[in-house]
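Participant: When you get a sec, could you give me coordinates for this:
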Amino acid sequence: MKKILKFSLAILLIISLAFLITGCGTNNEGKGADSKIYKILNNTFSSGDYIVTLEGDVDIGEGLENGVITLATRGEDIYMDIDATSDHMSIMYKDDTTYVISHADKMYMTSEGKDEELFEEDDNLAIFSVEDLNAMSEAHYTTGKEAVDGTEYDYEEFKDEETGVSDKYYFSGEDLIYIKTTNENGEEDVMKVIKLSSEVDDNIFNVPEGYEKF
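Facilitator: You can find the predicted model right below:
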């Protein structure tokens, strides 16, 4: 259970870092409401139903390794998944039941209600609340071009000039490709955006066929 708990917290931490909202800076290009990223995030998260899939280096308790992280919500249903080099596990809540799924073992276990160790009691896992989106619309951003993994992209950056904390969102046309966060120590974390949508497939909330209940 401890490993599952670390896994759950790792997903929430990684995604929250990838979508950090920073304060207003100087040398501003314009208000956030006019940015591509604001329009994308507003369209994705305003309804409360969404799916986010990111790829990058993750730490699930065994050190950094490449992983793909997915977080989805639909109404009261919640799905979290991490497919890393060393393990692939999912946590799901639906129909007042918590599911813990081991894809390596093709097994799952259930518990009644929402497991308080895995899900905060009043946490709906909203990556962006209405308040967050409103704050982003009033923040300022700058634009530019920069290479990521050998390819040049247009970017929009929200940066706090006092702390140096920033988010850069990289685009190919209108499509969001990468997110790079820089913390106050200058440490960078780059995540590739695999999926970002308000349309959630019902099948994601089903235990895969052939898995045995533990």
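Participant: hey, let's count contacts and neighbours off CA atoms from now on
Facilitator: Fine.
Participant: Torsion angles phi and psi at the residue nearest to residue 178 when sequence neighbours are not counted?
Facilitator: Beyond its immediate neighbours in the sequence, the residue positioned closest to residue 178 (Cα to Cα, 6 or more residues apart in numbering) is residue 192, lying 4.5 Å away. Note on residue 192: backbone dihedrals following degrees, to the nearest 10 are phi -90, psi 130.
Participant: Ok, residue 58 next?
Facilitator: The phi/psi pair for residue 58 (degrees, to the nearest 10) is phi -130, psi 160.
Participant: can I assume it is in contact with residue 66?
Facilitator: Yes. With contact defined as Cα atoms under 8 Å, residue 58 and residue 66 form a contacting pair (6.1 Å).
Participant: For beta bridges, what are the partners of the closest residue to residue 64 other than its chain neighbours?
Facilitator: Nearest non-adjacent residue to residue 64, counting by Cα to Cα, 6+ apart: residue 58, 5.3 Å away. Listed beta-bridge partners, residue 58: residue 65 (assigned using DSSP bridges).
Participant: mind listing the strands for the protein?
Facilitator: 30-31, 50-59, 64-74, 77-84, 88-94, 97-102, 107-112, 140-148, 151-159, 166-172, 175-182, 188-197, 212-213 (DSSP state E).
Participant: Distance-wise, check the closest residue to residue 94 other than its chain neighbours relative to residue 159.
Facilitator: When the adjacent residues along the chain are set aside, residue 94 lies closest to residue 77, with 4.8 Å between them (Cα to Cα, 6+ apart). Separation of residue 77 from residue 159 (Cα to Cα, to the nearest Å): 34 Å.
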